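Colleague: Okay, here's the prediction I keep looking at, along with the sequence it came from:
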Amino acid sequence: MFKKSVAVVALAVTIAVAAPHAQRATTARVTGPKEQFGHEIGDNYRLVNYTQYVDYLKKMDAQSERMMVVDIGKTEEGRTELTAIITSPENHRKLPLIKEANRKLALADGITDDQARQLARDGKAIVWIDGGLHATEVLGAQQLIETIYRLNTKTDPETLRILSDTVILCTLVNPDGMELVSNWYMRQADEKQRSTNGVPRLYQKYIGHDDNRDFYMMNMSESTNANKMMYREWFPVIMYNHHQTGPAGAVLFAPPFRDPFNYNFDPLVVLGVDTVGSAIHTRLAAEGKPGAVMRTGAPYSTWFNGGIRTTSYFHNQIGILTETIGNPTPVEIPFVLDMQLPRADVPNPIQPRTFYFREAVEYSVTNNYAILDIASKRHEDFLYNMYKMAKNAIDKGNRDNWTIHPTRIAAAREAIEAAQAGASRGGENIGPRGGRGGPSTGSGQAGGGGRGGAPIAVYNNVLHDPKMRDPRGFILPSDQPDFLTATKFMNILMKAGVVVHRATAPFTVAGKPYPAGSYVVKAAQPFRAHVMDMFEPQDHPDDIPYPGGAPRPPYDVTGYNLAYSMGVKYDRILDGFDGPFEKISDLVTPAAGKVAQAPSGGGYLLSHEVNDSFVAVNRLLKANEEVYWIKSPFSASGKQYGAGTMFIPAKASTLAVVQKAAADKGLSFDAVASKPAGDSMKLKAVRIGLWDQYGGSMPSGWTRWVFEQYEFPFEVVFPQTLDAGNLNAKYDVLVFVDGAIPERDPSTGSGQVAGGGGGFGGQPAADSIPSEFRGWLGRVTVAKTVPELKKFVENG
């Protein structure tokens, strides 16, 4: 312990000496945006694409001592995603030490409270600023370029102080989308015809706008890259996610947010968000930039765990969102009467007028500087609070704890009403009433001079019912039918920084035996909030402003329990436990599955309960092997098999296919001497057509991704192909997502609307788009398409 203490002190002192507050005010000449691109960032009718951004970033990297550019991974389309790490030259020389100090604080890793305070006092606040996630919201990507340039060139005292006290991670989080949308906008020679509307496909390869719903599951490369930076490597105290667009009649929304906030994360998170958000509003007002709103000025909340901003809350980080108007084609701020009366959530109204892109860039830079300024001035507080939240989480996981949520409040209210009804009938009183001013005196009166409350027994016996306490951890048995999917679930958690253990030997907890290889996720860890939110069901409150009032709809997804979604089996353990557990140091690659030797005339059995079995089936069918679906349960070699088990006859070519599937996916194949008795269905490869539309469809994109993961062959089909008929000649199966087939056709109008790219559709005029995309236009209609679909079904 003494050696650890000395090491922590040495680390803190080294960081403090490495970066004194005073630094050189001069910097080498850095190429400006106008010299690089031929225009300023924010000029009307101009956008920079990702290729140009990367070239500029690399040039600034070579010219500036303040910046280092790092590769953080590939995108879904194969581009290299970059992060610009910006800080003082002195800090750059000690960057590994700064990174390690922040890791220790973020994970409360082997340090005392006094050591944490010293590391915070001498440390550097890491701040993440991103842009471009939703690519048609073009301001986010463009403002990032301007911000990076200014941080590399400005020599005013504030900028130098910020560079001394902070390390800034600037990340363009959707490179593919920036390239697509910027090129689409700039393709028109007539600048007045330029528009970000009408993009022909999703601006993220598979999921478009849903790229900001993937950060709890990390199906996509881009979300995996960002989460690795934030939760496994750098641990920023603040992350800032730029979005568009602002509320009508305003310029932007910035926190504080409306209720509810999620009950799992630490109160220091939401209070920190309010603190940083208030700094943004204050700076905007001080700089004479009106039109910022907060709380009820927009619908955004902090409930959902899945956006790049919101997932940060479950990792003890202060996540900031702004939604700002602005486009390279100038926009109008409309006259909205309710936005003209100043109030707490609209403190500084703006007059209706034309609003230019350069103004939006300046507002964004102001927001960035507001965050960096408060991170600099209060870096010690933010760093220590990050440690404190991690320590709180570990402590909660090591003791009995109750997370209070709406269902428990409803149960307590029922108990109170029952007690009051019993008291009015002369029945037994449930207990004394606790007051606001202090504990109950035991006489039925509130102590401490406070006003009376509900019976304290309700607090003790209902809200804190021992049976309703939070789990101390979760065990995932290794003998569950689809342990491969359970392993995927563990990898997802580990990619988000969660600590996972594995049993090295059989063990027993709460009287139940578990086999070796079982996974254990304990609640006593820094990111406990994320663990609880992935295992425990969500309980979103009814957001009703007053009795009898209309409920306010939630902003985003309210139920998303990942353990439920993936169908894994686990046990909630309510008491402290231990066993022969080893910490898993990196993502788990399943060991090769077992392939038993099939005798001549026999074959292989494959469980349909394992999701990855369908990869093997598709590979077998592609290789012209036979696969049969056994319709009834059966037994073989003393083992029971369920209905749906698949039988693969053993031919000379079969073994190589199943061995590769076993090696690639961890699947196991049992051998039998003959095909199981009973009815079976011979499987065949089918020709799949997957509906899509011009502008892209998120559900179709997700389905396309699932098909690819499980190696289903398919073809994307657009409405013109459907309308042409003769569908049986091309397809055996047509897949439509919700909303693809309308109940009725529009009675008037062409149905053409602007949009595209995000996955919300959009149908421009054919002569306004390049010829290669015109075949994607059209809609499924009741009048023309549905008769062809009816023929397809009736023809079998």
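Modeller: Looks like it arrived, so ask away.

Colleague: from what I can see Arg619 touches Tyr710, true?
Modeller: No. If you go by Cβ atoms under 8 Å, Arg619 and Tyr710 don't touch, sitting 10.3 Å apart. Quick note: C-beta positions are derived from backbone N, CA and C, even for glycine.

Colleague: Spell out the secondary structure type for Val458.
Modeller: Secondary structure, DSSP: H, G, I helix; E, B strand; the rest coil: Val458 is helix.

Colleague: Please tell me I have it right and it contacts Ala412.
Modeller: Yes. Using Cβ under 8 Å, Val458 is in contact with Ala412, at 5.1 Å.

Colleague: what pLDDT does the spatially closest residue to Met239 that is not a sequence neighbour get?
Modeller: Among residues not flanking Met239 along the chain, Trp128 sits closest, at 3.9 Å (Cβ to Cβ, 6 or more residues apart in numbering). pLDDT, Trp128: 99.

Colleague: One more: Arg619?
Modeller: On the pLDDT scale, Arg619 gets 99.

Colleague: Let's verify it: helix, strand, or coil?
Modeller: Per three-state DSSP, Arg619 ends up helix.

Colleague: cool, Ala454 as well?
Modeller: Secondary structure, three-state DSSP: Ala454 is strand.

Colleague: which residues of the stretch 1-150 of the chain score low on pLDDT?
Modeller: 1-14, 16-27 (pLDDT under 70).

Colleague: what do you get for the chain?
Modeller: 1-14, 16-27, 426-452, 748-755, 761-762.

Colleague: Distance of Gln142 relative to Asp176?
Modeller: According to Cβ to Cβ, to the nearest Å, Gln142 and Asp176 sit 16 Å apart.

Colleague: er, Ala248 I mean
Modeller: Taking Cβ to Cβ, one finds Ala248 at 30 Å from Asp176.

Colleague: likewise Pro342?
Modeller: For Pro342, the distance to Asp176 - Cβ to Cβ - is 42 Å.

Colleague: Please say which of the two ends up with more neighbours.
Modeller: Asp176 (23 against 11; other Cβ atoms under 10 Å).

Colleague: Next, the contact list for that one, please.
Modeller: By Cβ atoms under 8 Å, 6 or more residues apart in numbering, the residues touching Asp176 are Tyr50, Thr75, Glu76, Glu77, Arg79, Ala135, Tyr203, Gln204, Lys205.

Colleague: Gln538 too?
Modeller: Neighbours of Gln538 in contact, by Cβ under 8 Å, 6+ apart: Thr558, Gly559, Tyr560, Asn561.

Colleague: Filter those down to the buried ones, ChimeraX style.
Modeller: Selecting only the buried entries of the contacts of Gln538 in ChimeraX, with 16 or more other Cβ atoms under 10 Å as the criterion:
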select :560
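
Colleague: Comparing Val458 and Ala412, which residue is more hemmed in?
Modeller: Ranked by neighbour count (other Cβ under 10 Å), Val458 and Ala412 place Val458 first, with 23 against 20.

Colleague: how about stretch 716-736: buried residues?
Modeller: Buried residues in stretch 716-736, defined by neighbour count with 16+ other Cβ under 10 Å: Val717, Phe718, Pro719, Thr721, Leu722, Asp723, Leu727, Tyr731, Leu734, Val735, Phe736.

Colleague: number of nearby residues for the residue lying closest to Gln525 once chain neighbours are set aside?
Modeller: With sequence-adjacent residues excluded and distances taken as Cβ to Cβ, 6+ apart, Gln525 is closest to Val499, at 4.8 Å. Val499 sits with 18 neighbouring residues when counted by other Cβ under 10 Å.
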